[in-house]
Each structure stands twice: as C-alpha cells, then as structure tokens.
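[1] kindly return the folded structure for what I paste below:
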Amino acid sequence: MKHGGEAVDTKKNKRVNRYNYWGYVFLIPFIAVYIVFQLIPLVTTIYNSFFENYRDGLIQIGPTFIGLDNYKAIFSSPDIWVYTKNTLIMWVMGFIPQIVISLLLAAWFSDNRMRIKGSRFFKTVIYLPNLIMASAFSMLFFALFSDGGPINYMLMDIGILTKPFKFLSHIWSARTLIATMNFLMWFGNTTILLMAGMMGIDSSLYEAAEVDGATSTQRFFKITLPVLKPILIYVAITSLIGGLQMFDVPQILTDGKGEPMRSSMTLIMYLNKWLYSKNLGRGGALSVMMFVITGILSLIVFKVSGYGKDED
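    Below you'll find the model as predicted:
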C-alpha cells in the first residue's frame, strides 16, 4: 500500500509540474512585452539621465557623462516645485468629487431596494465619457468656455454676467476646468469598480446590521467602506499615477503654455518641453524624479490608509 501511495504521489507531482510548465509558457508573451516596452525603456531612461545629450541647432552636444548634474539642475530650479504643486492641486480638485460621486452612484445602483428604472441605461451614460478622447474633451471645453463661447452668452442672457468672463485667464477657473474634465472622464470607471465591489459584499452583513438597528449611514460607514478599502486604495493609487501624468487636457486647453502664469503647467508638460528640445539627459532625469515621486506618494497613501495593518 505504501508503494502504491508513492506511485500516486509521483503521478500527482508530474501532473502539477506539467501544469506549471504550461503556466510558464503562457507567461512568456507577457514577460517579453514587459521587457521590451517597460523594463528596457526604464533602464535606458535612467542611463540617459546621467549624460549631457541634446541638440543645439544642427549641432549634437554629447552624449557626455556628467553624473548627477542633470538632477542638480532640476532641483536648483524653482520650476519643478511649482509644477509639482500645480499637478497635485488639479489632481486633488478632480479626485475628491470623483470618489464622492462614484461612491454615491455605486451605492444607489447596487442597492436592490431602490429598484432604479433604466439603471443599465444610466450606467452606460455614466461610463461613456471614459470612452471619449481627452483631446476631443479639451476642444469641447475650449469652445464652450471661450470668451465668445455659449457658456458666457448663457450667463449674460440670464443676468449673472455683464461681460464675458475669461475662464482661461484666471488661475482657479482654468484649474477648475481641467479638474472638471478629469473628473468627468474618470468618475464612470471608478463607479463601475466600486459598484462591482459593493455587489460582492455578503448581504447577510447588511441584514444583521439592520436587525441590530443600524441606520443606512451607519451600514455604509461600518460595513461598506471597510470592505471596499482595497478597491479604494487601488482607485487612489491609479488616480494618483494618472494625475501625475496629466498632460493632454491642460496641454490642449492652454496651448501648451500652462497659462495663466504657469498655474496649470504640469510635470509632464514640463517634461515634454525638454524632450521637444531634444535634451534627452534632462528629460531622463525628470522622468526618474517623477518615478520616485510617484513611488513615495503611493507609499504615503498606503500608510495613511493603514492598509495591511489589519492583516498583521
């Protein structure tokens, strides 16, 4: 019997090894794509950041190894801190309403007791802005909020304004427009993610809380939010990464100038200026700095949320 058991174990091990082999085979395409399009560009960017490498007219300067001089030049300039502040401000302005509205909509649509008529239609409408190209969205808002656009005409017709308001010439109105566009483009995607998480919560938890006399607000904050913590952290991290990479909306809306007074100039727009001037060394250094900033802010989100402490 012992030898028979060993034979069975050997067959099982062979079967497991065969399954593992095919698992590795199916991972090869992903690994190859990751190495070619992610790992090699990352290593190349870090490598280029240590060189002076740019074009001065028709003359190619470098590549010449200069060590950390590119990083010192970036840190010594106040621009990097101004553009970092601009990027984070506009991200926060768009993310807060995004997460609040998405939580409310997800709670409504996932609550079977509300029985919202046409919920499928509304879910589709909510998600549609996510499918629209950012460039098209920017051109639409540029036309709507221009000095002679329909928004100004409407506000003057109803008596709120006596003359056109220059939305793109004031710091906070320009930032608000950019944040609003980012909110409209991404709140639908966030709603779908949160709704999927809410629908996976065991209904018996809500029933038990209701029997104990918990109000709907208490059930939301004591059951829904704690269970959704992993999804909320994922949304916060991905939104933060997307916010730091904010480019197309402010680029088109401000014609790449970040006006007024560079208040809507983002880090990626700043990076684009160095790459457009063919300064690969300075652009590489800025890219590495953004990579580090993203990692630090992501760790801060994890620490502030306390994720992982419950598991310990």
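
[2] so, low pLDDT: which residues of the stretch 1-150 of the chain?
    1-18, 112-115 (pLDDT under 70).

[3] count the neighbours of residue 206 for me.
    Neighbour count for residue 206, taken as other CB atoms under 10 Å: 17. For glycine as for every other residue, the C-beta is placed from the backbone atoms N, C-alpha and C.

[4] now do residue 217
    The burial metric for residue 217, expressed as a neighbour count using other CB under 10 Å, is 8.

[5] and residue 98, by the same measure?
    For residue 98, the number of neighbouring residues by other CB under 10 Å comes to 24.

[6] now do the same for it: helix, strand or coil?
    Applying DSSP: H, G, I helix; E, B strand; the rest coil to residue 98 yields a three-state assignment of helix.

[7] could you do residue 64 as well?
    Secondary structure, three-state DSSP: residue 64 is strand.

[8] next one: it from residue 194, what distance?
    With distances taken as CB to CB, to the nearest Å, residue 64 is found 51 Å from residue 194.

[9] who's more crowded, those two?
    Legend: neighbour count by other CB under 10 Å for residue 64 and residue 194, higher for residue 194 (24 against 10).

[10] list the contacts for the nearest residue to the more buried one once chain neighbours are set aside?
    Spatial nearest neighbour of residue 194, chain neighbours left out: residue 106 (3.8 Å); criterion: CB to CB, 6 or more residues apart in numbering. Contacts of residue 106 were listed using CB atoms under 8 Å, 6 or more residues apart in numbering, and they are 191, 194-195, 197-198.

[11] swap in 6 Å and give it another go.
    If a contact means CB atoms under 6 Å, 6 or more residues apart in numbering, then residue 106 has 191, 194-195, 198 as its contacts.

[12] emit the PyMOL select command for whichever of the residues you listed are buried.
    Only the buried members of those enter the following PyMOL selection, criterion being 16 or more other CB atoms under 10 Å:
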select buried, resi 191+194+195+198
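
[13] Serialize the contacts of residue 106 to JSON lines and add fields for secondary structure.
    Formatted as JSON lines, the contacts of residue 106 follow (three-state DSSP):
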{"residue": "191", "secondary structure": "helix"}
{"residue": "194", "secondary structure": "helix"}
{"residue": "195", "secondary structure": "helix"}
{"residue": "198", "secondary structure": "helix"}
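
[14] can you redo the contacts of residue 106 as TSV with distance to residue 215 and pLDDT?
    As requested, these are exported to TSV (distance: CB to CB, whole Å; pLDDT from 0 to 100):
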residue	distance to residue 215	pLDDT
191	24	90
194	21	90
195	22	89
198	17	87
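
[15] of the contacts of residue 106, closest to residue 233?
    Distance to residue 233 across these (CB to CB) is lowest for residue 194, with 12.2 Å.

[16] hang on, residue 54 in a strand?
    Yes. The assignment for residue 54 is a strand, going by three-state DSSP.

[17] wait, isn't it in contact with residue 61?
    Yes. Applying CB atoms under 6 Å as the test, residue 54 and residue 61 come out as touching, 5.4 Å apart.

[18] which one's more surrounded, those two?
    More crowded of residue 54 and residue 61, by other CB under 10 Å: residue 54, with 18 against 13.

[19] that's all I had, so thanks and see you.
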